[in-house]
Structure formats: structure tokens, C-alpha cells
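Asks: would you be able to build a 3D model of this:
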Amino acid sequence: MLLDELSTILVEQKALASHFLKRYVIVDVYHPKQIARPSSLSLLVLNDGQNLDEMQFAPLLNGLLETNQIAPVVCVGVHCNKDRIDEYGTAENLDFAGRGKKANAYQRFLVEELLPFLHLHYGVEQYRQTMIAGFSMGGLSAIDTLWNYPDVFSVAGVFSGSLWWRSRDLHDEYDDDRHRIIHQVIRKKSYHAGRRFYFMTGSLDETADRNNNGVIDSIDDTLDLIRELETIGYENGSDICYVNDQEGRHDLATWSKALPHFLLWALPPLATQMLFDAIDDQQDFH
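Replies: Alright, predicted model coming up:
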């Protein structure tokens, strides 16, 4: 079903019958009208796709593509349902309250059902890069999905991610270093070349400060996760981009404001990217 037609993109809505999730999953596909070289296309999967219309995502993407500010990309917004907090958890670990029971099924839906559907329906054999991003719980899901499928996804975008996701309640001898699940997941992983991570927080995301250090938990959890990535070999500033909005809140308006920067960072124009690659090759040679 065609939802919208802009100067550069079409927005279509599809319904996929998922074996893994036992439900129809609605997806909105933002597809360029004209593609000179299908091999130049990247793919961006966005959790909480049902919110993208309110976030004015279509005109944003259309404008960036029309002015050649970003490389060609297909974006897919995946709608969640009432099981959001179970589908967007971490795939290998439930949280202390038993949430996240469908996270593994959701990630398998993405990799084993959604991606094959896109390849078949849109005739793209191989995307230049496959990225995943999300907001709040969707951000937690995005980075966990990349780590479970590092040969599929190369970029994760995490906007005000629910990186507090923990295996023990705060009132049950909780310890940051041992009980934040995604931090433990990354600590056990190894470096994968070419993987990149984008983190965004807002200084007004929340007021909670578990350790009373004067920094809200969402920022603390994000900075600690970046340190875990650095420990296994990723470089802040090249592999990792972190942005904090001093006036940012935990809401769609804040994330809408952050999306252009993420897209510009994740999808530099191909000519620019080819120049960066050539410089890297020369540096590696010497």
C-alpha cells in the first residue's frame, strides 16, 4: 500500500506474517524512486517504525537524498505492538522482571524474515551496508541485534537507549559493573572490524541518578557502554560517535532533532566515503 510519494522517495506499507513472532508485522518502506546502481544502496532498519510519521521522517529523508547530502539508502520502519518490552529486550538474557522473552524471536524475524523479504521484493542482492537504529528500548534492541548478528549489521544507532536493562533489581544488592546486561554482553564480545556505533542522549532524558554522582543514569549508562566498546578495540571519534543534547528529553521531538545528524554520520555521500576509504588504504599500506 502506497502511503506517500515525495520528490525522491516512495513510502510503502507492507504486512509480513512472521513465524517467529506469531503475528503480522507492519513495516513502512522508504525507498528511493531512482537508483542508478543498486549496489550503492544501504539499508537502515528502524525500530518503533510506527512513530516515524509523527517524527516527520519521510520529508527529512527525502530532503537529504534530494540534495545528495547522504548516500542512497532504503529505510524500513518496523512497527511494534503490545509486546514491545518483550520484543525489544536482549536476546540472550531476560531482565530481572522476566522481560525480553520475545527478543530472540524479534531479532530472528529481522534477519530471517524481513531481510529476505526486502531482497526478494525490491530486487537488491546485497546492500552496501545494513544498519539498525532505535529509540529508548528500541535502541537497546538495536545494539543487541548488531552484536548477535555482526556479520549482518555494521552500524547501530542508539537514541536515549534503555541501557539500564539489568539482571538484578536495584533493591537486590545491585551493582552497575555486574548487573547491566548489555554492558556484560559487549564485555564478552570481541572486536569486529568495520562496525560503528552512534549514541545520543539528552540531559533531560530523566532525573534518576542511581550512584548519586550528579550524572543522570541514561548518560552514565551510555558513557560506560562506550568505555566497554573502547576496551575491546573500538575508537571513540571514528568507530563511535556520541552526542548529548543539553535540552534533549526522552521524547519523539528530541529524537527527531537528532536523526539528521545520525543520517549524515552514517551515510556520507559515496564520493566522500570513497575518498576516506582511499586515505585509509594508503595509511594501511604505509
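Asks: per-residue confidence for residue 41?
Replies: For residue 41, the model assigns a pLDDT of 95.
Asks: please apply the same query to residue 115.
Replies: Residue 115 is given a pLDDT of 97.
Asks: part of a strand, is it?
Replies: No. Residue 115: not assigned to a strand; according to DSSP: H, G, I helix; E, B strand; the rest coil it is helix.
Asks: how about the CA coordinates for the strand or helix carrying residue 58, as CSV?
Replies: Residue 58 is part of helix 57-66 when elements are defined by DSSP states H and E. Output of helix 57-66 as CSV, limited to C-alpha atoms (Å, rounded to 0.1, in the frame of the first residue of the first chain):
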residue,chain,number,x,y,z
PHE,A,57,10.9,11.1,8.9
ALA,A,58,9.8,10.9,5.2
PRO,A,59,10.3,14.6,4.4
LEU,A,60,13.6,14.6,6.3
LEU,A,61,14.9,11.6,4.4
ASN,A,62,13.6,12.9,1.1
GLY,A,63,15.4,16.3,1.6
LEU,A,64,18.7,14.7,2.4
LEU,A,65,18.6,12.4,-0.6
GLU,A,66,17.3,15.1,-2.9
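Asks: which elements pack onto the helix or strand following that helix?
Replies: Counting by DSSP H and E, the next helix or strand C-terminal to helix 57-66 is strand 73-78. The contact analysis (3 or more Cβ pairs under 8 Å, 6 or more residues apart in numbering; DSSP states H and E) places strand 73-78 against strand 23-32, strand 42-46, helix 57-66, helix 115-122. All C-beta atoms are positioned from the backbone trio N, CA, C, and that covers glycine.
Asks: rerun at 6 Å
Replies: If you count contacts as 3 or more Cβ pairs under 6 Å, 6 or more residues apart in numbering; DSSP states H and E, strand 73-78 packs onto strand 23-32, strand 42-46.
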